[in-house]
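**Student:** structure of the sequence below:
(chains A and B)
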Amino acid sequence: MSEFRRQHWAAAVDRLFTAVRQNFVTFLILIFVGTRQAGGDYFVYVLIGTMALTFFSGIAGWYRFQYRISDGELQIKKGIFVRKKVYMAKERIQVIDVTEGLVQRVFGLVKVEVKTAGGGTESATINAMTFEEAEELKRELRNNNRVKIEGDELLEDEGVSSEDEFLDEWKISSKELVMAAFTSGNFGLIASILGAFSGQLDAVITDETIEYIQGLMPGLNNFTLVATVVIVILIISWTFSFLGVIFNYSDFSVKKTEKELLIRSGLIERKHITIPFDRIQAVRFIEGVLRQPLGCGMLYVESAGFEQNAKERSIVLVPFISRTKMHEFFDRFLSDFHIPELEVKPPERSFFRYLRRPNYLLLVAIPVAWYFWDFGWLLTFLIIPATILGWLRYKDAGLYFDSKMITMQFRNFNRKTAFIRRKRVQVIEETINPFQERKKISSLAVTAASGAKGIEFSINDLESTDVSRIRKWLLNGETDYASTQ
Amino acid sequence: MINHIPESRIDKKAIKAWRFSALIFGILWFVPAIAYISISIGINKFDLILSILSVIPSLVLYLFIGLLVPNLRWQRWRYEVNDDAIDLLRGFVFKTRTVVPINRVQHVDTNQGPIYRKYGLSSVKISTAATTHEIPALDDETATEVRNKISQLVRQVKEDV
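**Tutor:** Got it, this is the predicted structure:
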């Protein structure tokens, strides 16, 4: 690969396709608006002209785009008018992502994204190449890419063949996929859609529309009408998230090689993600409200230093896995991690603090609502679920630490468990407010790197002595259980 | 080292510098009151009592944040840099203790804004792969010293992320 070469010409097609897809809505609107006015024909010409221009610039872009690997660097020349050269040193390359988009699958090709560490660095994307070329590129870029990690012994170079061999594979069954899709209801999304709608409700629900709908469906009154709207929204958003899961996680597999985890998933657009073991910062297990009763959840992995986007920096490691199976998964794929019993829990004297905490917001909200809305006092009933949430949070909060890693379990709404190796903990923060100080309890926040930023895990109202022990543990790895027991 | 509080305090001039900037920027607290008064004059409904009442909360906030808070903040602020870690203690209501292990530090720099320059102060900024932390208001030499000490310690335990 030391000579400059071009991509497959499908890159130009992909570019056109992407442009159309991204501007699809704009196109639709323009077509509607444009053709309705007088002289609409001209508008169509303009549209076709734009498309043609995009296509030709795609071809020109494809022609000008050349890449090679030489001197231990990935070198890319691109740009139609402004010539741009991108050099990426092997040692700095963190992640090589392989995706098969729709266009790529039609041509039997893949798209390769190469990402380096740090903020602001752009990733290099090669839009169309054959799978074999991609493999070759990956192999060349990873070669000699030995990064020494503090505390870990330097991994030995054992040649290419043993390194690429798949040692193990994990798949999710269709049953698990369907279960994952069924339980994927995203409450945050639903709530925000409902919120957006309820703002418009007054405008929509007028006497006329009510009469009209009642004419259509006799037997509806105001209450059932609102209930119907809510249910319809629930069903729609749930359907979306159901399909989302099916599209994203069909054909899912995790493979393990000597040094990496390879994740593949997707029905139409297929993603391949490579995560080197030494880039793993933390593993998270999230048990959604609907999933927890089934004893299942989603497993994420946090990887350092490439994705700026908060939504994408956590990578889904397994979309659906039961707590019992997780032990097996950790043994087989993440041997650095294990799942311990939680030993450090918040003390009994923080119980009522936990119950109160979710209610603080209501303390403000109830009087305001009571004053301004006719039925504002109904908010008072929210005290019950809020208190139950507080109780659940108290019950679920806990952590465990040993010389190698810390496990933290906590709940905001979903129950989350974070597994972080000690060497990967960036910062520990202890916060004490005056009320906590009196009771000798404090809140703990542990930060690990994730993407270009960090991800913080926190547990409220722990025994202050426990938190001090954890601060000490961060520096020397001593758990020091004896001193308090 | 862990249960004793960090040993160094930040420079006492910090109080003056914070007070100075709070008294300048604190003028913004009066914006609502001034807006109210000028509108009421504009529509010829000026009411002396209401105007005074509207100024009072701003004035209380202004004086509290301008005069008292810098003292309280300074009282609490402590830091310590040793071979293992950078240890910070701060916050006058919520007391926060931060521990950054030395080998997680990615870079350190010192900063000086116009107000700090007036008092000969600098702040030291410590970045890890995930977070940024600041030791505010050290006098220039101490800041340089702390920065050099940290970067030297980091070099000693030099490791990749």
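**Student:** the helix or strand encompassing residue B:20 packs against which elements?
**Tutor:** Assessed by DSSP states H and E, residue B:20 sits inside helix B:13-25. Where contact means 3 or more Cβ pairs under 8 Å, 6 or more residues apart in numbering or on different chains; DSSP states H and E, helix B:13-25 is packed against helix B:69-76, helix B:114-119, strand B:121-128, strand B:132-139. Glycine gets a C-beta too; all of them are placed from N, C-alpha and C.
**Student:** now with 10 Å?
**Tutor:** helix B:48-63, helix B:69-76, helix B:114-119, strand B:121-128, strand B:132-139 (3 or more Cβ pairs under 10 Å, 6 or more residues apart in numbering or on different chains; DSSP states H and E).
**Student:** for residue 6, what are phi and psi?
**Tutor:** Chain wasn't specified; assuming chain A. phi -100, psi 170 (degrees, to the nearest 10).
**Student:** try again with chain B
**Tutor:** phi -60, psi 150.
**Student:** same thing with residue A:420?
**Tutor:** Main-chain dihedrals, residue A:420, degrees, to the nearest 10: phi -130, psi 130.
**Student:** again with the one 10 residues further on
**Tutor:** For residue A:430, the backbone dihedrals are phi -120, psi 130 (criterion: degrees, to the nearest 10).
**Student:** how near is it to chain B?
**Tutor:** Distance of residue A:430 to chain B, given as Cβ to the nearest Cβ, to the nearest Å: 4 Å.
**Student:** same check, this time on residue A:208
**Tutor:** To chain B, residue A:208 is 40 Å away according to Cβ to the nearest Cβ.
**Student:** quick one: mean pLDDT over the helix or strand encompassing residue A:363.
**Tutor:** If you go by DSSP H and E, residue A:363 is part of helix A:360-372. Helix A:360-372 shows a mean pLDDT of 86.
**Student:** okay, now the residue nearest to residue A:434 when sequence neighbours are not counted: neighbour count?
**Tutor:** Once flanking residues are discounted, residue A:434 sits nearest to residue B:93: 6.8 Å by Cβ to Cβ, 6 or more residues apart in numbering or on different chains. By the criterion of other Cβ atoms under 10 Å in any protein chain shown, residue B:93 has 9 neighbours.
**Student:** go on, residue A:234?
**Tutor:** Residue crowding around residue A:234 was assessed by other Cβ under 10 Å; the count is 14.
**Student:** what comes up buried for the helix or strand containing it?
**Tutor:** Assessed by DSSP H and E, residue A:234 sits inside helix A:222-249. Under the neighbour-count criterion of 16 or more other Cβ atoms under 10 Å in any protein chain shown, helix A:222-249 has A:225, A:229, A:233, A:237, A:238, A:240, A:241, A:242, A:245, A:248, A:249 buried.
**Student:** out of these, which comes closest to chain B?
**Tutor:** Minimum distance to chain B across those is 27.1 Å, recorded for residue A:248 (Cβ to the nearest Cβ).
**Student:** domain map for chain B?
**Tutor:** Domain assignment for chain B, taken from automatic domain parsing, gives B:13-72, B:79-156.
**Student:** and the longest one, how far apart are its ends?
**Tutor:** Read it as domain B:79-156. 21 Å (Cα to Cα, to the nearest Å).
**Student:** re the thing from before, just checking, next helix/strand downstream of the helix holding residue A:363?
**Tutor:** That would be, after helix A:360-372 and using DSSP H and E, helix A:383-396.
**Student:** CA atoms of that next one as PDB?
**Tutor:** What follows is helix A:383-396, C-alpha atoms only, in PDB (Å, rounded to 0.1, in the frame of the first residue of the first chain):
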ATOM      1  CA  ILE A 383     -44.800  12.300  46.000                       C
ATOM      2  CA  ILE A 384     -45.600   8.600  46.100                       C
ATOM      3  CA  PRO A 385     -43.700   7.600  43.000                       C
ATOM      4  CA  ALA A 386     -40.900  10.000  43.800                       C
ATOM      5  CA  THR A 387     -40.500   8.400  47.300                       C
ATOM      6  CA  ILE A 388     -40.600   5.000  45.800                       C
ATOM      7  CA  LEU A 389     -37.800   6.000  43.400                       C
ATOM      8  CA  GLY A 390     -35.800   7.300  46.300                       C
ATOM      9  CA  TRP A 391     -36.300   4.000  48.100                       C
ATOM     10  CA  LEU A 392     -35.200   2.100  45.000                       C
ATOM     11  CA  ARG A 393     -32.100   4.300  44.700                       C
ATOM     12  CA  TYR A 394     -31.200   3.600  48.300                       C
ATOM     13  CA  LYS A 395     -31.700  -0.100  47.800                       C
ATOM     14  CA  ASP A 396     -29.600  -0.200  44.600                       C
END
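**Student:** what angle do that helix and helix A:360-372 make?
**Tutor:** Angle of helix A:383-396 versus helix A:360-372, following axes from the mean of the first three to the mean of the last three Cα atoms, to 10 degrees, is 170 degrees.
**Student:** need the winner for burial among the domains of chain B.
**Tutor:** Neighbour counts (mean count of other Cβ atoms under 10 Å in any protein chain shown) averaged over each of the domains of chain B peak at domain B:79-156, with a mean of 18.
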